[in-house]
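# task: produce atomic coordinates for the following.
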Amino acid sequence: MTIDPTDAPVPDTAASAPVPAAPIVGPGSATPGYPAAGWPAPAGPGGYPPPPPTSSSAIVALVLAISAWVVCPVIPAVVALVFASRATREIRGSGGALRGSELTLAAKLVAWINIGFFLLVLLILGSIGVVVFLASMAGVSQTT
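Numbering: from 1, shown residues only. Model (predicted):
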């Protein structure tokens with residue numbers, strides 16, 4: 001029995017052909033069906049929408065609360081508390097259109113810690129001043 005080489009199965013060249021790569025899109029150009037380069041693809045099925053913007057009052061409150069430790073101890077901390085409460089009202093009233101409640105919480109904590117620390121230092125220095133004053137008065141009354 002002889003085998004005829006012309007009877008051999010012919011491979012399907014369409015199935016084994018390499019898959020073409022996605023077209024390369026340069027900056028500023030767009031190929032139909034592809035987003036422009038440099039911009040994220042629009043949210044589709046399974047995609048994530050962009051997050052809501054952060055409240056600018058919350059950012060200002062946190063910056064002021066942190067700067068209260070460096071610039072001036074109390075005044076920026078009090079202003080930060082005002083901005084934080086304003087941002088909290090904005091965020092709650094937006095119905096999810098604004099975010100930043102974590103920033104307002106952090107700003108309030110940092111500002112109150114700053115004010116508490118300032119009052120503690122003021123109390124300690126005041127106590128030392130009273131002790132020094134009483135000691136100087138006791139020294140004056142003993143010498144007369």
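# which residues sit in contact with the closest residue in space to residue 51 that isn't next to it in sequence?
The shortest distance from residue 51 to any non-neighbouring residue, by Cβ to Cβ, 6 or more residues apart in numbering, is to residue 99 (6.7 Å). Quick note: C-beta positions are derived from backbone N, CA and C, even for glycine. Shown in contact with residue 99 (Cβ atoms under 8 Å, 6 or more residues apart in numbering): 51-55, 91.
# repeat the analysis, applying 10 Å as the threshold.
51-55, 58, 91 (Cβ atoms under 10 Å, 6 or more residues apart in numbering).
# got it, and residue 122?
So residue 122 contacts 73-74 (Cβ under 10 Å, 6+ apart).
# before we move on, back to that, of the contacts of residue 99, closest to residue 111?
Each of these was scored against residue 111 by Cβ to Cβ, and residue 58 proved nearest at 12.7 Å.
# what is the neighbour count of that closest one?
If you count neighbours by other Cβ atoms under 10 Å, residue 58 ends up with 26.
# got it, and residue 73?
16.
# swap in residue 107?
30.
# my guess is it contacts residue 78, does it?
No. Contact between residue 107 and residue 78 fails when scored by Cβ atoms under 10 Å: they sit 11.8 Å apart.
# isn't residue 74 right up against residue 65?
No. Counting by Cβ under 10 Å, no contact exists between residue 74 and residue 65, whose distance comes to 11.6 Å.
# between these two, which contacts overlap?
Joint contacts of residue 74 and residue 65 (Cβ under 10 Å, 6+ apart) are 111, 114.
# what about those two, which has more around it?
residue 65 (27 against 14).
# and the residue nearest to residue 51, how far is that from residue 86?
According to Cβ to Cβ, to the nearest Å, residue 99 and residue 86 sit 15 Å apart.
# before we move on, the earlier item: so what sits against both of residue 107 and residue 78?
In contact with both residue 107 and residue 78: 64, 68, using Cβ under 10 Å, 6+ apart.
# just for the chain, where's the confidence low?
1-46, 141-144 (pLDDT under 70).
# show me which helix runs longest in it.
With secondary structure taken from DSSP state H, the chain has its longest helix at helix 101-143.
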